[in-house]
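**Q** Could you look at this predicted model? Sequence included:
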Number of protein chains: 2
Amino acid sequence: MAFYKPLTRVTMKVTIRDIARKAGVAPSTVSAVLNGKAKESRISEQLADRIRLIASDMDYQPNYTAVSLRTGKTRVLGLIVEDISNVFFATLAKIIEEEADRVGYKVLYCSTENNEAKARERIRIFNQRQVDGFLITPTAGMRPFISDLLKQQKPVVLMDRYFPELDAPHVLVDNYNGARLAMDHLLEKGYRNIGFVTISLDQVQMHQRRQAWERSLAEFGVPAAPHQVLELCYHSRPQDSIEQIKAFISSTQLDAVFFATNYIGVYGLQALKQLEISIPQQLAVVCFDDHDIFGLFSPGITIVEQPVQQIAHTAMQLLMRQFEGSPMMIKELQVLKSGRLIVRAST
Amino acid sequence: MAFYKPLTRVTMKVTIRDIARKAGVAPSTVSAVLNGKAKESRISEQLADRIRLIASDMDYQPNYTAVSLRTGKTRVLGLIVEDISNVFFATLAKIIEEEADRVGYKVLYCSTENNEAKARERIRIFNQRQVDGFLITPTAGMRPFISDLLKQQKPVVLMDRYFPELDAPHVLVDNYNGARLAMDHLLEKGYRNIGFVTISLDQVQMHQRRQAWERSLAEFGVPAAPHQVLELCYHSRPQDSIEQIKAFISSTQLDAVFFATNYIGVYGLQALKQLEISIPQQLAVVCFDDHDIFGLFSPGITIVEQPVQQIAHTAMQLLMRQFEGSPMMIKELQVLKSGRLIVRAST
DNA sequence: CTGAAAGCGCTTACAG
DNA sequence: CTGAAAGCGCTTACAG
């Protein structure tokens, strides 16, 4: 704490003009120096030093609003997720903020609650706020808005989900093959009666996971029965979802269950705890999640990995590349333990 | 992948001047109308309607950067928490965003990781970004920075913690009495050997909780022994903390344990799960948390309530009151089940 | 009732 | 090498 110098006098905001006046130069000279363009503007090293000294003496802090208006860049990103209080999204938010900070960007966030009107409104407001780009975990209803952003040439990167029909850069795990891996794992271990708990949302990745579940069973000659699937309503209260899962598990002769998303998994684990069913002795459990996220860390359960750190990192990279106007390539970045990280981007 | 046909012309952003030109009036007239000051500026209803129509026809979106520069208000808040990926803070973040949105504010966030330098840096950047005010869950090292903000007359509201020496508005539960309630609860139920797991952080609320634990025991004539306390290091990796808790619980003859924060509680529950200790049959457990936050929802554990919704709501109110320049009063808002919500603010 | 002008704090050509 | 001027898109007195 020794380095910290407390302010004694109440500071009037010091501007570039104040510095210029004190240094006896023009504001533009100060601007050039402070932006590291002294050399470029052929300002003498001596003068530059003097200006820098005065600026730091006066504790000059640039008004970024003015910079933004002038340059047209805010260095602010808009992060739109379904529910920032969910561990998965919260972790995403954390890493994105860190990554953004590293390159001088700030992050505005919001939760859509899977509500179309809210999502549209937030995008509109973020646009008014002149965010430089969007990081979004979109829900089905947002497709037209994403499409609009693309038309407006706004930099966008989708995370965790995507729209096959839209040519938007996106970062997500290979949901189909990840789910297949998990199913193969269960089937090889001898489980046959595998339930599937999902959410009634029209999202590609959910379809893919369910398809993987069905096909895996089919290939093992144990066709999926409708009573093996529980479809929860997105807007149910947690306790209701848990009760439904409890009823589902109690009424079905399952030896394993596949929870299709991480938060269903959280409910699922609660349900099993309340039923006092031990994992995996009495019931094998599979769920999508980041293996570092703590909430789901439960010994015995199998996780289809959604490496949130990598997703966030890659998404930021794709966004930055758009800022730079660099061309992007369709590229598969990395193959992970259980899920695969897929990156697709327009050329 | 090319379902999407790229636009040929790039949409130029429409400004107030474009509308003015189209309507054949001055930009200032458009501004007045669009800001609902038509009446005030005695602009005819007819003209106002025509301008509004043109604006919506052109899909006018005000450039908020320009508004901010001119008015000196960004309508952006800076939210600074310890770790946005922690459920408690994430939930706080969610509710704050909702509350802020309701009054037309946006939220920039960051995590400090209990790192002083990082905290100072973020405050500086938020200031450059001209945030209108700060919502902070401060850590000990941030006191001087908070003090500076107060000196600069920046609106600030502290949440969940506070500094007794600083006259900053803050919203938090009554940690001492909340912890006392929990201890009384345990002691009345006959538990005597009650452990305390805390974190090595110099925070008022942690001292208060610990003090409550000690005094409660003392009053029951069972003085606290040093071996009943486990002090975890903040920067330990989760798995290490869990191991320490496991060792602590295994080596001590406890019949109950008090986890001093919600995330220690999360580790604690994991530890107990791994040790296959059932709650509360084999060990009674008390922890601070919001009772709605799901992570800790574990049957049998006792929660000292930190009503995150109310904390967030009240904090926003206090901040808004500062924006309005209204005087604030020291006021106790509400008494809750187990913790009490305390609001103190400068006059 | 309405418009011209100034200015928020910067950056960026451009002139000397 | 350095400064004067224009302008980003708004709002706010103020003049008519």
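**A** Now that the structure is in, tell me what you want to look at.
**Q** Residue in chain A with the shortest distance to chain B?
**A** residue A:90 (3.6 Å; CB to the nearest CB). Backbone N, C-alpha and C define where each C-beta goes, glycine included.
**Q** What helices and strands are in contact with whatever helix or strand that residue lives in?
**A** Per DSSP states H and E: residue A:90 is located in helix A:87-102. When contacts are defined as 3 or more CB pairs under 8 Å, 6 or more residues apart in numbering or on different chains; DSSP states H and E, helix A:87-102 sits against strand A:76-81, strand A:106-111, helix A:262-275, helix A:308-323, helix B:87-102, strand B:106-111.
**Q** Keeping just the C-alphas, turn whatever helix or strand comes next after the last one into PDB.
**A** Which is strand B:106-111. Next along the chain after strand B:106-111, taking DSSP H and E as the criterion, comes helix B:116-128. What follows is helix B:116-128, C-alpha atoms only, in PDB (Å, rounded to 0.1, in the frame of the first residue of the first chain):
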ATOM      1  CA  GLU B 116      -5.600  -4.400  -4.400                       C
ATOM      2  CA  ALA B 117      -3.700  -3.300  -7.500                       C
ATOM      3  CA  LYS B 118      -6.400  -4.700  -9.700                       C
ATOM      4  CA  ALA B 119      -9.100  -3.000  -7.700                       C
ATOM      5  CA  ARG B 120      -7.400   0.400  -8.000                       C
ATOM      6  CA  GLU B 121      -6.800   0.000 -11.700                       C
ATOM      7  CA  ARG B 122     -10.500  -0.900 -12.300                       C
ATOM      8  CA  ILE B 123     -11.700   2.000 -10.300                       C
ATOM      9  CA  ARG B 124      -9.400   4.300 -12.300                       C
ATOM     10  CA  ILE B 125     -10.700   2.900 -15.600                       C
ATOM     11  CA  PHE B 126     -14.300   3.100 -14.500                       C
ATOM     12  CA  ASN B 127     -13.700   6.700 -13.700                       C
ATOM     13  CA  GLN B 128     -12.200   7.300 -17.100                       C
END
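**Q** Taking strand B:106-111 as reference, get the angle to helix B:116-128.
**A** 170 degrees (axes from the mean of the first three to the mean of the last three CA atoms, to 10 degrees).
**Q** quick one on the thing from earlier: next one, pLDDT for the residue of chain A closest to chain B please.
**A** Note for residue A:90: predicted pLDDT of 95.
**Q** Not counting sequence-adjacent ones, nearest residue to it?
**A** Spatially, and ignoring its direct neighbours in sequence, residue A:90 is nearest to residue B:90 (3.6 Å; CB to CB, 6 or more residues apart in numbering or on different chains).
**Q** same question, residue A:283
**A** Spatially, and ignoring its direct neighbours in sequence, residue A:283 is nearest to residue A:277 (5.3 Å; CB to CB, 6+ apart).
**Q** Pull out the buried positions in the helix holding residue A:90.
**A** For helix A:87-102, a neighbour-count test (16 or more other CB atoms under 10 Å in any protein chain shown) marks A:87-101 as buried.
**Q** number of nearby residues for the residue of the stretch 51-200 of chain A found nearest DNA strand D?
**A** Residue of the stretch 51-200 of chain A nearest DNA strand D, by CB to the nearest atom of the strand: residue A:70 (3.5 Å). For residue A:70, the neighbour count with other CB atoms under 10 Å in any protein chain shown is 11.
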